[in-house]
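Novice: A predicted structure for the sequence below; I have some questions about it.
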Amino acid sequence: MDPVSAEIWENKEIATGIYRLKLRPYGPAPRVAPGRFFMIGVGPGTDPLLRRPLSHLATSVNEDGIQLLEFLYEVRGRGTELLSLMQPPRIISYIGPLGNGWRLDGVPRRVILAGGGAGAVPLYAASKALAEITPRPKIEFIYGARTGRCLALASEIGVMVEDTVLCTEDGCRGEKGLVTDLLRRALTDADPARTLVLACGPRAMLAQVALLTKERGVACQVSLEARMACGMGACLTCSIRGADGHNVRVCKEGPVFDAAEVDWEALDECA
């Protein structure tokens, strides 16, 4: 897949260290299934050499009818720090969309979205797609983070779902506690045949989500993050151990997996 040039339309800090990036592609904006990602160039040359994987947030249309690809990212290292400094009308490039997203065919009557921090971006696209399904399932959103600033998508996802429950580890917003605490409570009366959990966030959180849903016989899909060099399955740097003992690539077979497909103990060892 060849890189596509795009103009930075907006790159705005919406919370401390969290940015919303809008790109205007040179050409038609691609159609993006919910849960897929892009490899974004963060430098004009070979420093840094590697692109950064960013989950697709949305495709929007501005007041002039221009289609924009939107992303949300947190500054975590040199690459994302360089990206945060880039402003319109700078030209960068991307490769994508890549990977496999959420599997939303035949969803049951109740869907619980469990998100952790800024990593909850894939749930925005999921909530939007679920809200357009007929008949519409009941969508519940459990969203947690270390502190309130990381709950950047709370209001936007909240308007697309029936119920939203927030939590923070420091108790500054919502309930004090963890996403898994709230999910355990939500699953108390869950009908396994009519419930689906979609989760994304830190690996430790996802491992606990996988355990909770397995104990209750509830279907669960997870969106994993991983260090990637190519994003297209060639370099194998994002490989993880599957439950069947074979390696799978987060960029190619994922980033969305059934929770039962992942060897969570091996994933914890390599995190």
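Specialist: Looks like it arrived, so ask away. Everything quoted here is computed from the prediction, not taken from an experiment.
Novice: Could you list the buried residues of the helix ranked longest in the chain?
Specialist: For the chain, the helix with the greatest residue count under DSSP state H is helix 203-216. Residues of helix 203-216 classed as buried by neighbour count (16 or more other C-beta atoms under 10 Å): R203, M205, L206, A207, Q208, V209, A210, L212, T213, R216. No exception for glycine: its C-beta is placed from N, CA and C like everyone else's.
Novice: just curious, which of the residues you listed is nearest to A15?
Specialist: Nearest to A15, judged by C-beta to C-beta, of these is M205 at 19.6 Å.
Novice: show me the contacts for that closest one.
Specialist: M205 sits next to A114, G116, L178, V179, T180, A199 when contact means C-beta atoms under 8 Å, 6 or more residues apart in numbering.
Novice: the domain parsing of the protein - what is it?
Specialist: Segmentation of the chain into domains, based on automatic domain parsing, reads 4-98, 110-270.
Novice: Just the helices from the stretch 151-271 of the chain, written as ranges.
Specialist: When assigned using DSSP state H, counting those that start in this stretch, the helices of the stretch 151-271 of the chain occupy the ranges 154-158, 179-186, 203-216, 264-270.
Novice: and the second one, which residues are buried?
Specialist: If I follow you right, that is helix 179-186. Quick answer for helix 179-186 (16+ other C-beta under 10 Å): V179, T180, L182, L183, A186.
Novice: what's the longest strand along the chain packed up against?
Specialist: In the chain, with assignment by DSSP state E, the single longest strand is strand 4-15. Where contact means 3 or more C-beta pairs under 8 Å, 6 or more residues apart in numbering; DSSP states H and E, strand 4-15 is packed against strand 18-25, strand 67-74, helix 78-85, strand 91-98.
Novice: got the angle between the host helix or strand of L123 and strand 67-74?
Specialist: Here L123 sits within helix 121-131, counting by DSSP states H and E. Going by axes from the mean of the first three to the mean of the last three C-alpha atoms, to 10 degrees, helix 121-131 is angled at 130 degrees with respect to strand 67-74.
Novice: For helix 121-131, enumerate the helices and strands it packs against.
Specialist: Against helix 121-131 (3+ C-beta pairs under 8 Å, 6+ apart) you get strand 52-61, strand 67-74, strand 110-116, strand 138-145, helix 154-158, strand 195-200.
Novice: As PDB, could you dump the C-alpha coordinates of it?
Specialist: The C-alpha trace of helix 121-131 is given here as PDB (Å, rounded to 0.1, in the frame of the first residue of the first chain):
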ATOM      1  CA  VAL A 121     -10.500   5.800  20.600                       C
ATOM      2  CA  PRO A 122     -11.700   2.600  18.800                       C
ATOM      3  CA  LEU A 123     -14.900   2.600  20.900                       C
ATOM      4  CA  TYR A 124     -15.900   6.000  19.400                       C
ATOM      5  CA  ALA A 125     -16.200   4.400  15.900                       C
ATOM      6  CA  ALA A 126     -17.900   1.300  17.400                       C
ATOM      7  CA  SER A 127     -20.500   3.400  19.200                       C
ATOM      8  CA  LYS A 128     -21.300   5.300  16.100                       C
ATOM      9  CA  ALA A 129     -21.700   2.100  14.000                       C
ATOM     10  CA  LEU A 130     -23.800   0.400  16.700                       C
ATOM     11  CA  ALA A 131     -26.100   3.400  17.000                       C
END
